[in-house]
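> Just a sequence and a predicted model for now, questions to come.
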Amino acid sequence: MSAWDIFVRQFVELQGYKLVLSGLLNTVIIAVFGLLIGFVIGSLVAVVKTMPTTKKPLVYVLQKIGDLYVTVFRGTPMVVQLLIIHFVLFPLMGVNFRNIVVSNDFVINGVVVEAVIAFALNSGAYISEIMRAGISAVDKGQFKAGRALGLSYSRTMVSIVLPQAFKNVLPTLGNEFITLIKETSVAGFITVVDLTRAFQAMANSTLEYVVPYLVLAAFYLVIVILITLLVKLLEKRFKHA
C-alpha cells in the first residue's frame, strides 16, 4: 500500500480528519490563551521586579515572590508542572473544571482548561523575564518625562514604558509562542486530545505510523511558519507606528 493510499484510508475513509481538527483546535486554544494569560502574568511580575524598593517593604516582598515563581516554573519541566497541577494541586484544592459548552458542536473539555492554566503559568515565568529586559531597554528619560507631566507611576508604566517594551521584545514573544505551540504536545499526559495525541490515536488504530507522524511534523512546521510570518508583519507595522 502506497503512502497516498495510507493517507486516504486514515484521514478520509476512517474519518481521521475529524480527530485531527479537534486536536488542532485544542492545541490552538491552549497555546493562544496560554500566551495571552501568560503575557498578563509575566507583565505584572516584570513591572513589580523593576519597581524601586526604597522604603517599600511590600514591593521587596512581592519581588521575592516573583523571583520564586520564576525560579520554580523555569527550573522544572513543563510536563512535570502539568502533571502536578492536574493530579496534585487541583485535586487538593477540590477544583474540578467542567466542560465549557460554546455551542452544540463546540465543547471545550475541562482538562483543556487545566492545560491552559498550566501553560499560562509556565509561559508567564518566561515572559516576565522577557518583559523585564524590554522595560530595562526603554530609555529612563521616557519614564522621567511621564512623571514630570504629572502621571502616576502605574500610568507612566502602562501608557509610555510598556508599549515601547512590547515593541522591543516582540520577536522574542513570537519565539515564546512558537515554543508554546510545540510544548502543547505534552498535554496528552493529562488526556487532552491535542494535535499530537490525535495523530497517535490515528496511527495506533491502523498500526501505520510513518505517514501519520510525517504529516504531524508537517502540521507543526506549517503552524510555526505562519506564526513567524505573523510576527514579521507585526514587527513591520510597529516599526512604522
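Perfect, I can see it now.
> and the spatially closest residue to residue 86 that is not a sequence neighbour, what does it touch?
Spatial nearest neighbour of residue 86, excluding adjacent residues (C-beta to C-beta, 6 or more residues apart in numbering): residue 190 at 4.3 Å. All C-beta spots, glycine's among them, are computed from the backbone N, C-alpha and C. Residue 190 is in contact with 82-83, 86-87, 111, 114-115, counting by C-beta atoms under 8 Å, 6 or more residues apart in numbering.
> could you give me the average pLDDT of stretch 94-110?
Stretch 94-110 shows a mean pLDDT of 74.
> so how far does that stretch reach from one end to the other?
14 Å (C-alpha to C-alpha, to the nearest Å).
> What of stretch 135-146?
15 Å.
> can you check stretch 47-58 too?
Stretch 47-58: ends 14 Å apart by C-alpha to C-alpha.
> Run the chain-centre distance for that stretch.
27 Å (C-alpha atoms, centre = their mean, to the nearest Å).
> hang on, the earlier thing: which of the contacts of residue 190 sits closest to residue 26?
In terms of C-beta to C-beta, no member of the contacts of residue 190 lies closer to residue 26 than residue 115, at 8.0 Å.
> Assign the closest one to helix, strand or coil.
helix (DSSP: H, G, I helix; E, B strand; the rest coil).
> got a pLDDT number for it?
The model's pLDDT for residue 115 equals 94.
> ok, it - contacts?
30, 34, 82, 184, 187, 190, 192.
> Quickly find the element holding the closest residue in space to the second one that isn't next to it in sequence.
If I follow you right, that is residue 34. Nearest residue to residue 34 in three dimensions, chain neighbours excluded: residue 119, at 3.4 Å (C-beta to C-beta, 6+ apart). Assigned by DSSP states H and E, residue 119 belongs to helix 110-137.
> If you count neighbours, what's buried in the helix or strand following that helix?
Next along the chain after helix 110-137, taking DSSP H and E as the criterion, comes helix 140-148. Of the residues in helix 140-148, 143, 146 count as buried by neighbour count, 16 or more other C-beta atoms under 10 Å.
> returning to what we had before: and the contacts of residue 115, which two are the farthest apart?
Comparing all pairs in those by C-beta to C-beta, the longest separation belongs to 34 and 190, at 14.0 Å.
> rewinding a little: looking at the contacts of residue 190, spot the one nearest residue 235.
residue 115 (29.1 Å).
> any idea how far residue 83 is from the closest one?
Note on residue 115: its distance to residue 83, by C-beta to C-beta, to the nearest Å, is 11 Å.
> How about residue 119?
For residue 119, the distance to residue 83 equals 13 Å [C-beta to C-beta].
> Residue 26 now?
18 Å.
> okay, those two: which has more neighbours?
For residue 26 and residue 83, the more surrounded residue by other C-beta atoms under 10 Å is residue 26, and the numbers stand at 25 against 16.
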